[in-house]
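Student: Structure here, sequence nowhere to be found:
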């Protein structure tokens, strides 16, 4: 879930369009062949969940407790007090609920800075409504935000077992579940909290949570938006596939599919694969394994456009990816559950050995250190990174024949010229080394710095070297020097610097950097505020759009007042001058906002459930305009901050848009009643 702040980071909102107006939505990331297509459409039709203005549903977006509360309250009957169709009885119930739990919620707002942020605090009335209904208990509120040991706060992801508990309460089946169930049939039943087992078992028996003793439930795992849509639709509307209490639903047989990666989101673990001129989308299991040929690797090795073979298993009526193998061939190699291998649209039989041979004869790259050379064999010590990120060393021996070509500095070598300890980059097919390049153990690599990282206390530089991206670890003993900087250190390195690394084998010995200064101008398009490194995107005069990282401690100045301001004071559409150290912003000077959309007119209609208002403008040419109004919108009157509830039909307002030409409100100023 993305938080809406003064500096616009994202236009993704929880409730950004009214389905009653727009009817069925064709989400670009949930096509008709998506496993969740039907439930997503139903959840949208019921106005429980929807997507953003780019027609993205975000099926793999992680759900937190606040977002869930907003949806659950709406299903439970909550209506915004300003809704046109709310009855006096409904309004009284919601108000009494809020007054009853106001002191409790005020305490959480006081204890957690995150809770006090406008976006999260705006859910307090829905949370109070759920507390009054018994769908939430006061002790559940302790799970909404986690305070770390260092004092930082993190909005918690809704756990799968809590989702089950809340939904069973939502449909009024908690007492029945507790009286009739004591344990689940899931493989990881021992990991499920005792007070959640009855709820999970009930939903399992009702066919909403499908699986049996061969399937794990993953009780502490995250809940994704598409999964929540499925569970809500099938439990609240009763469309789950029913199973008897004695029936065990086991995992379906394994299925293999080969094709080209069209979409791969490693953050949300989601894959789109094109096979037979059709793209299908699958969630990836958290413990999925990744291979290049027969060698285990990590998910960073999988890129869009790769030819892959994926292994699928069906759990809870959902096909999950459990293994991805990158293959350097487009030849069909599809093993099915019977041991045969099926091409898209046709079937051919191969043995398992044929399949392995097919993988092995495909050319692949091997990098390592020569361990020995004898007769017609070359033994290479190769390091691999497995899916856990662990580095493994393996000794591999490859045959060399008369067609093998091994070079060093563009000169061909004989086997006798190759020494133990030499570095070799080789192309192999199966057990045959077809060609190789020998490299000095001590050497230099020059590239452009594109990213700086610190992982588990270890510094890393990511360089672009000859159109390739390479990552190097920088130890505490590495000497860092930079042109024009005395006693340079890690913090003196800038994105865009020309970097020369001194290497001994894979170890970095020293770092030499050269930076440059420049000045660019443009119009602010986007601002990303991040604890790691904030960024600003500008549109240049020639129409090109480019993103620049902002240096920690960078100076931001308002040219009109000549005062220093914060990153949160930047507005889209402002003129900006960026003073760069290489590619990082050292100083940002802002002037007038020359691209700004505002609308002035009278409020003709308000929909808080649909998050929009209709404005009748004073110009007959424009007429009535619908403006999107998220919960993070700022409301002002005479420099006083108000809430959305202070908006009334007939008011004269000026609305400032988040982006010029857009229809999403950032600020609403009330001019008169």
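Tutor: All right, it came through fine. Only a predicted model underlies this, so the values are computations on that prediction, with no experimental measurement involved.

Student: mind listing the helices for this protein?
Tutor: 19-22, 37-45, 65-76, 88-111, 118-121, 124-133, 160-170, 174-180, 194-205, 225-236, 352-360 (DSSP state H).

Student: Dump the ones you listed to TSV, plus mean neighbour count and mean pLDDT.
Tutor: C-beta: built from backbone N, CA, C; applies to glycine. Listed next are those as TSV, based on neighbours: other C-beta atoms under 10 Å; pLDDT from 0 to 100:
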stretch	mean neighbour count	mean pLDDT
helix 19-22	13	32
helix 37-45	20	88
helix 65-76	22	93
helix 88-111	14	90
helix 118-121	20	84
helix 124-133	23	94
helix 160-170	24	94
helix 174-180	15	89
helix 194-205	22	90
helix 225-236	23	91
helix 352-360	14	38
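
Student: Which one of these lies nearest to residue 610?
Tutor: Nearest to residue 610 among the helices of the chain is helix 19-22; the distance by C-beta to C-beta comes to 6.9 Å.

Student: if we can go back for a sec, which one of the helices of the chain lies closest to residue 581?
Tutor: helix 118-121 (34.2 Å).

Student: what separates the closest one from the chain centre, distance-wise?
Tutor: 22 Å (C-alpha atoms, centre = their mean, to the nearest Å).

Student: could you say what helices and strands it packs with?
Tutor: Judged by 3 or more C-beta pairs under 8 Å, 6 or more residues apart in numbering; DSSP states H and E, helix 118-121 is in contact with no other helix or strand.

Student: Touching it from outside, list them.
Tutor: Residues from elsewhere that reach helix 118-121, judged by C-beta atoms under 8 Å, 6 or more residues apart in numbering: 3, 4, 66, 109, 114, 115, 155, 631, 632, 634.

Student: Type out the ChimeraX command that picks the buried ones from those.
Tutor: Here is the ChimeraX command that picks out the buried ones among the contacts of helix 118-121, judged by 16 or more other C-beta atoms under 10 Å:
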select :4,66,109,114,115,155,631,632,634
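
Student: would a markdown table of the contacts of helix 118-121 with distance to residue 495 be doable?
Tutor: Formatted as a markdown table, the contacts of helix 118-121 follow (distance: C-beta to C-beta, whole Å):
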| residue | distance to residue 495 |
| --- | --- |
| 3 | 25 |
| 4 | 27 |
| 66 | 34 |
| 109 | 38 |
| 114 | 30 |
| 115 | 35 |
| 155 | 29 |
| 631 | 35 |
| 632 | 30 |
| 634 | 33 |
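
Student: how about JSON lines for the helices of the chain, with distance to residue 326 added?
Tutor: As requested, the helices of the chain are exported to JSON lines (distance: least, C-beta to C-beta, whole Å):
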{"stretch": "helix 19-22", "distance to residue 326": "40"}
{"stretch": "helix 37-45", "distance to residue 326": "28"}
{"stretch": "helix 65-76", "distance to residue 326": "35"}
{"stretch": "helix 88-111", "distance to residue 326": "47"}
{"stretch": "helix 118-121", "distance to residue 326": "40"}
{"stretch": "helix 124-133", "distance to residue 326": "45"}
{"stretch": "helix 160-170", "distance to residue 326": "30"}
{"stretch": "helix 174-180", "distance to residue 326": "45"}
{"stretch": "helix 194-205", "distance to residue 326": "36"}
{"stretch": "helix 225-236", "distance to residue 326": "26"}
{"stretch": "helix 352-360", "distance to residue 326": "10"}
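
Student: So which of the ones you listed is nearest residue 513?
Tutor: helix 118-121 (40.4 Å).

Student: Okay, and which of the contacts of helix 118-121 map to strands?
Tutor: If you go by DSSP state E, these have 155, 634 in strands.

Student: Mind telling me the two of the contacts of helix 118-121 farthest from one another?
Tutor: Distances among these were taken as C-beta to C-beta; the most separated pair is 155 and 634, at 20.8 Å.

Student: Could you measure from residue 59 over to residue 36?
Tutor: 6 Å (C-beta to C-beta, to the nearest Å).

Student: Now list whatever residues contact both of those two.
Tutor: Joint contacts of residue 59 and residue 36 (C-beta under 8 Å, 6+ apart) are 30, 226.

Student: ok, residue 296 to residue 307 distance?
Tutor: 18 Å.

Student: now the strands for the stretch 401-550 of the chain?
Tutor: 405-408, 411-412, 423-429, 432-439, 442-455, 458-465, 468-474, 479-482, 498-504, 507-514, 517-528, 535-539, 545-558 (DSSP state E, counting those that start in this stretch).

Student: repeat for the stretch 151-300 of the chain
Tutor: 153-155, 255-265, 270-274, 279-292, 295-297.

Student: Make JSON lines out of those strands and add mean pLDDT and distance to residue 46.
Tutor: Listed next are the strands of the stretch 151-300 of the chain as JSON lines, based on pLDDT from 0 to 100; distance: least, C-beta to C-beta, whole Å:
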{"stretch": "strand 153-155", "mean pLDDT": "90", "distance to residue 46": "25"}
{"stretch": "strand 255-265", "mean pLDDT": "78", "distance to residue 46": "27"}
{"stretch": "strand 270-274", "mean pLDDT": "81", "distance to residue 46": "24"}
{"stretch": "strand 279-292", "mean pLDDT": "80", "distance to residue 46": "23"}
{"stretch": "strand 295-297", "mean pLDDT": "72", "distance to residue 46": "43"}
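
Student: Would you mind giving those as CSV with distance to residue 322 added?
Tutor: Listed next are the strands of the stretch 151-300 of the chain as CSV, based on distance: least, C-beta to C-beta, whole Å:
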stretch, distance to residue 322
strand 153-155, 29
strand 255-265, 10
strand 270-274, 11
strand 279-292, 5
strand 295-297, 13
